[in-house]
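> coordinates only, sequence not included:
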């Protein structure tokens, strides 16, 4: 009888040990899934920042082009020959 109780206790210990290892493995898996999700979020945020910077650059180029166009329009036909030179010189500054 005592031996049967010892065998049952050993079997229960093995079951508990196996369940603990399963829970530990699941926790590790969830940890790495979370780690990858955080890295993915950081990558997406960096991509958004890059896209915002590209949009800001495009807006600045548009503003510059509008200002140069307005300046050329105000100077009339005599200033039109000089406008492309201004534009080509502004390209050197970029």
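Here it is on my side, so go on. Small disclaimer: the values here were computed from a predicted structure and weren't measured.

> where's residue 3, which helix or strand?
Taking DSSP states H and E as the criterion, residue 3 maps to helix 2-75.

> what about the chain, any weak spots by pLDDT?
The model of the chain has pLDDT under 70 over residues 77-94.

> run the last query once more with 80
Confidence mapping of the chain against pLDDT under 80 gives the ranges 76-94.

> thinking again about what came up before, name the helices or strands packed onto the helix holding residue 3?
The helices and strands touching helix 2-75, judged by 3 or more C-beta pairs under 8 Å, 6 or more residues apart in numbering; DSSP states H and E, are helix 77-80, helix 83-92. C-beta: built from backbone N, CA, C; applies to glycine.

> What distance do you get for residue 2 to residue 8?
The gap separating residue 2 from residue 8 is 11 Å, by C-beta to C-beta, to the nearest Å.

> who's more crowded, these two?
Higher neighbour count among residue 2 and residue 8: residue 8, with 10 against 6, using other C-beta atoms under 10 Å.

> Contact partners for the more buried one?
The contact partners of residue 8, taken as C-beta atoms under 8 Å, 6 or more residues apart in numbering, number zero.

> Next one: it from residue 21, what distance?
Separation of residue 8 from residue 21 (C-beta to C-beta) stands at 21 Å.

> got it, and residue 12?
Using C-beta to C-beta, which is the criterion applied here, residue 12 is 15 Å from residue 21.

> Kindly report the same for residue 6.
With the distance defined as C-beta to C-beta, residue 6 ends up 23 Å from residue 21.

> Please compute how far stretch 9-17 lies from its chain's middle.
Offset of stretch 9-17 from its chain centre (C-alpha atoms, centre = their mean, to the nearest Å): 47 Å.

> With stretch 24-42 instead?
Going by C-alpha atoms, centre = their mean, the spacing between the C-alpha centre of stretch 24-42 and its chain's C-alpha centre is 17 Å.

> number of nearby residues for residue 75?
A total of 13 residues lie near residue 75 under the criterion other C-beta under 10 Å.

> Residue 72 too?
Here the count is done by other C-beta under 10 Å, and residue 72 has 18 residues near it.

> Perfect, that will be all.
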